[in-house]
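Engineer: I'll drop the sequence and a predicted model, then ask my questions.
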Amino acid sequence: MNLVQSIQQRKEEKVVPIIADIKRLIPKLVAERGMRQDKRDAGMLATLYYKGGAAGVSLVTERGHFGGQPEIDIPAVLASVPLPLLIKDFILSQDTIDFYAELVGKEAVGRVTLLLHAHLLESNLKTMVHHVHKKGMLPLIETRGVNDLHYLQTLDEVPKLVGINNKDIDDLERGEDKLRLSPELVSNYRQVINGSILISESGHHTPQDVRHSIQSGADAILAGTVFMLSPDPTTTVNSFVNALKKER
C-alpha cells in the first residue's frame, strides 16, 4: 500500500490520517536544549506509531542537520511495519533519487514516497517528479504557501500529494510553532491542486492542533517532534488519529 492509498483508507474509516515522523536530531531543540542524537531503533519507533494507528511513517534522512542515517533506518522501518514510508531529505539531484531507490529495493519501492521541496528545485521540479515516478516511487511536493503554487502549475499533471509546511524549512524549522492553515489558504490551493491530497506539515502538538488543520481543509497531518518527545508514542499518535472523534 502506498501513502495515497493509506491516507484514503484512513479517511474512509473516519479517522485522521497521521504521518508520524522519526528524526534523530531536532535542530530547534539542539539550539534551545542541547539535544543529542536520538539513538532509539527506528524499527521500534515505527512499530509504536503503527500500533497507534498511523497512516504512514516519515523518516528524516538528511545527515548534516537532522542526524539522518538512511542506510540503517530505512531497512529497519520497512522490515518492521507494513506502512508506507515517506523519506525526507533535501533531494536536489537524480542521483539522490537513485540512491534511495536502490536502498529501498525493488520489493518495497512501491511503498515509498520521496519529499521534494518545490522552491529548492524550481525549474527542475518537473524533471525530478518524472524521475521519482520512473523509479516506482511517489513524490510529495512540499510548499511554503500560495507563492509556491506556480511551481505545481509547471508539472505535466497535478501531483497526488502536496504538503504545506507550517514552519520555515530554510531555517531548519527552528522558528515559532504556528499553524498557518486556514479555509482561505486551502481554498487557494484547491483551485490549483483540485482533488489532490493536501498534507499539513509540522507544528502540531495537540489533538486541538490536528482539528484546526483538518477543519481548515487538510486531508492529513504530518507531525514528528511531539511523538519523538512523548513518553508513550503509541498513545500520543492514537490521540491524533482520533482527534475528530474526541471532539464530539
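Structural biologist: Nice, I can see it.

Engineer: what distance do you get for residue 22 to residue 198?
Structural biologist: Distance, residue 22 to residue 198, using C-beta to C-beta, to the nearest Å: 23 Å. For the C-beta atoms, the positions are set from N, CA and C on the backbone; glycine is no exception.

Engineer: for residue 85, same thing?
Structural biologist: For residue 85 relative to residue 198 (C-beta to C-beta), the value is 20 Å.

Engineer: ok, the two, which is more surrounded?
Structural biologist: residue 85 (25 against 22; other C-beta atoms under 10 Å).

Engineer: state the pLDDT value of that one.
Structural biologist: Listed pLDDT for residue 85 reads 98.

Engineer: and what of residue 202?
Structural biologist: Residue 202 is given a pLDDT of 89.

Engineer: so it sits against residue 168, correct?
Structural biologist: No. At 9.5 Å, residue 202 and residue 168 do not qualify as touching, with contact defined as C-beta atoms under 8 Å.

Engineer: for the protein, just list every one of the strands.
Structural biologist: 18-22, 56-60, 85-88, 112-117, 138-143, 161-165, 197-201, 220-223 (DSSP state E).

Engineer: of these, which is nearest residue 184?
Structural biologist: Nearest to residue 184 among these is strand 161-165; the distance by C-beta to C-beta comes to 12.8 Å.

Engineer: check which helices and strands the closest one sits against.
Structural biologist: strand 138-143, helix 183-193, strand 197-201 (3 or more C-beta pairs under 8 Å, 6 or more residues apart in numbering; DSSP states H and E).

Engineer: what's the last one in contact with?
Structural biologist: So the one you mean is strand 197-201. 4, 7-8, 19, 140, 142, 160-167, 179, 181, 186, 189-190, 213-214, 216-222 (C-beta atoms under 8 Å, 6 or more residues apart in numbering).

Engineer: same check, this time on the second one
Structural biologist: Helix 183-193 is touched from outside by 145-146, 149, 152-153, 158-159, 162, 164, 198, 216-218, with contacts defined as C-beta under 8 Å, 6+ apart.

Engineer: buried stuff in it?
Structural biologist: For helix 183-193, a neighbour-count test (16 or more other C-beta atoms under 10 Å) marks 185, 186, 189, 193 as buried.

Engineer: and of those, the nearest to residue 89?
Structural biologist: Out of the buried residues of helix 183-193, the member with the shortest distance to residue 89 (by C-beta to C-beta) is residue 193, at 23.0 Å.

Engineer: so what pLDDT did that closest one get?
Structural biologist: With respect to pLDDT, residue 193 scores 93.

Engineer: if I look at it, how far off is residue 44?
Structural biologist: 35 Å.

Engineer: list the beta-bridge partners for the most centrally placed residue in the chain.
Structural biologist: Among the residues of the chain, the one closest to the centroid is residue 222, at 4.9 Å (C-alpha atoms, centre = their mean). Going by DSSP bridges, residue 222 is paired in beta bridges with residue 19, residue 201.

Engineer: and the helices in the chain?
Structural biologist: Ranges of helices in the chain, per DSSP state H, are 3-12, 27-33, 42-51, 70-80, 94-104, 118-121, 125-134, 149-152, 183-193, 207-216, 225-229, 233-241.

Engineer: now restrict the contacts of strand 197-201 to buried residues only.
Structural biologist: Neighbour-count burial (16+ other C-beta under 10 Å) is assigned, among those, to 4, 7-8, 19, 140, 142, 160-167, 179, 181, 186, 189, 213-214, 216-222.

Engineer: residue 72: how many residues sit nearby?
Structural biologist: Other residues close to residue 72 by other C-beta under 10 Å number 12.

Engineer: measure it to residue 37 for me?
Structural biologist: 12 Å.

Engineer: now residue 228: how far from residue 98?
Structural biologist: 29 Å.
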